[in-house]
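Student: below is the sequence, then the predicted model.
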Amino acid sequence: MQISNFNNITDAHLVHEYTQGSEKSLEILIYRHKSKIYNFIFSKVLDQEVAEDIFQETFIKVIKTLKGGLYNEEGKFVSWVMRISHNLVIDYFRKSNRMPKFEASDDYDVFQFITDNAPNAENNLINDQVVNDLQQLIAELPDDQKEVLSMRLYRDMSFKEIAEITGVSINTALGRMRYAIINIRKMVEEHQIVLTH
């Protein structure tokens, strides 16, 4: 199989060929999707060396899963690989305690996500205490809600991107965001947290 004529071959066929012993098929898969996956990783970590490490780690997991016969062909190959790389990016931030923080600015109001336009909070400014309170509340959310909220707020990702990376529909991603907002509002009321400066 020449790399020059691989365009007509589906990812699913290449995956099958690789599981049958064709190393060339994996080479083509990596070559085909390298740019998209590497650029996604780099856009999150903003460090070339770290991005290269995570990219390599992503494909080590891909190879182990494929060789172990654990790959489920129902989903798209590239979406599956993107989910692996996304999880490794999250792991990297957790291990290095470098989860990005909210930045206060006039054109960015976290309350649009949390208050559903409650009139008394619309114009509140975000300060360090608010950020800390919010981070503690977000940490208490169920994993699927926390993931969507973090990707939307910390990484400024669109719901289309979130849906693709987490392997769910856009409606499911929106639903998780909605439930996250509802849960945070409940926790704010229960703990009587005042989200003002």
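Tutor: That came through, no problem.

Student: buried ones in the host helix or strand of Arg185?
Tutor: Assigned by DSSP states H and E, Arg185 falls within helix 170-191. By neighbour count on 16 or more other Cβ atoms under 10 Å, the buried set for helix 170-191 is 172-174, 176-177, 179-181, 183-184, 187-188. (Glycine included, C-beta is placed from N, CA and C.)

Student: backbone dihedrals for Ile9, please?
Tutor: Per-residue torsions, Ile9: phi -90, psi 130 (degrees, to the nearest 10).

Student: isn't it right up against Tyr31?
Tutor: No. Using Cβ atoms under 8 Å as the test, Ile9 is too far from Tyr31 to be in contact (12.0 Å).

Student: more neighbours, these two?
Tutor: When neighbours are counted by other Cβ atoms under 10 Å, Ile9 comes out ahead of the other of Ile9 and Tyr31, with 15 against 11.

Student: count of residues packed around the residue lying closest to Phe59 once chain neighbours are set aside?
Tutor: Distances taken as Cβ to Cβ, 6 or more residues apart in numbering place Ile30 nearest to Phe59, at 6.2 Å, with adjacent residues excluded. For Ile30, the neighbour count with other Cβ under 10 Å is 16.

Student: list the contacts of the most centrally placed residue in the chain.
Tutor: With the centre of the chain defined as its mean C-alpha position, the nearest residue by Cα atoms, centre = their mean is His86, 4.8 Å away. The contact partners of His86, taken as Cβ atoms under 8 Å, 6 or more residues apart in numbering, are 40, 165-166.

Student: flag the helix or strand of this protein with the lowest per-element mean pLDDT.
Tutor: Of the helices and strands making up the chain, the lowest-confidence element is helix 111-114, at a mean of 42, by mean pLDDT, DSSP states H and E.

Student: all helices of the protein, in order?
Tutor: Counting by DSSP state H, the chain has helices at residues 11-19, 23-45, 48-67, 77-95, 111-114, 128-139, 143-153, 159-166, 170-191.

Student: and those helices, which one's lowest on average pLDDT?
Tutor: The stretch with the lowest average pLDDT out of the helices of the chain is helix 111-114, scoring a mean of 42.

Student: that's all I had, so thanks and see you.
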